[in-house]
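*Asks:* Below is the structure, and that's it, no one-letter string:
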């Protein structure tokens, strides 16, 4: 399993094991269908769910070709700044960096 995809799934509120399928590797989130695979690294639509979740935390994900910045709305502070070979890879790496940063913040 891709460790970064697992990190993203947990950020979005999914967990394992699924209470209805404890002997499987299904991912569970209340009121959502179970996930059998995690495709954040390969599917643009999956990745955009993460971008929306980050935006919902009062941040702005700025995507400019292969350059992605995540800026906090309250402090106008750049939290993540990533340049990669492709737009999808840059977005993927930026959300991973953001989630790692977010998980380190006091709750």
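*Replies:* Yep, it's here. Predicted model only: the values in this text are computed from it and were never measured.

*Asks:* In terms of secondary structure, what does the longest helix anywhere in the chain contact?
*Replies:* For the chain, the helix with the greatest residue count under DSSP state H is helix 87-104. When contacts are defined as 3 or more CB pairs under 8 Å, 6 or more residues apart in numbering; DSSP states H and E, helix 87-104 packs onto helix 3-11, helix 44-56, strand 59-64, strand 67-72, strand 77-83. Backbone N, C-alpha and C define where each C-beta goes, glycine included.

*Asks:* Using the three-state scheme, assign the residue lying farthest from the centre of the chain.
*Replies:* Most distant residue from the mean C-alpha position of the chain: residue 23, 25.7 Å away (CA atoms, centre = their mean). Judged by DSSP: H, G, I helix; E, B strand; the rest coil, the three-state class of residue 23 is coil.

*Asks:* May I have the predicted confidence score for it?
*Replies:* Residue 23 is assigned a predicted lDDT (pLDDT) of 88.

*Asks:* tell me the contacts of it?
*Replies:* With contact taken as CB atoms under 8 Å, 6 or more residues apart in numbering, residue 23 is in contact with residue 17.

*Asks:* Distance check, it against residue 33.
*Replies:* Here the criterion is CB to CB, to the nearest Å. By it, residue 23 lies 18 Å from residue 33.

*Asks:* I figured residue 71 hits residue 94, correct?
*Replies:* No - between residue 71 and residue 94 there is no contact under CB atoms under 8 Å: 11.1 Å.

*Asks:* And those two? Which one has more around it.
*Replies:* Each of residue 71 and residue 94 has its neighbours counted (other CB atoms under 10 Å); residue 94 has more, 26 against 15.

*Asks:* so who does the more buried one touch?
*Replies:* By CB under 8 Å, 6+ apart, the contact set of residue 94 is 61, 68, 69, 70, 80, 82.
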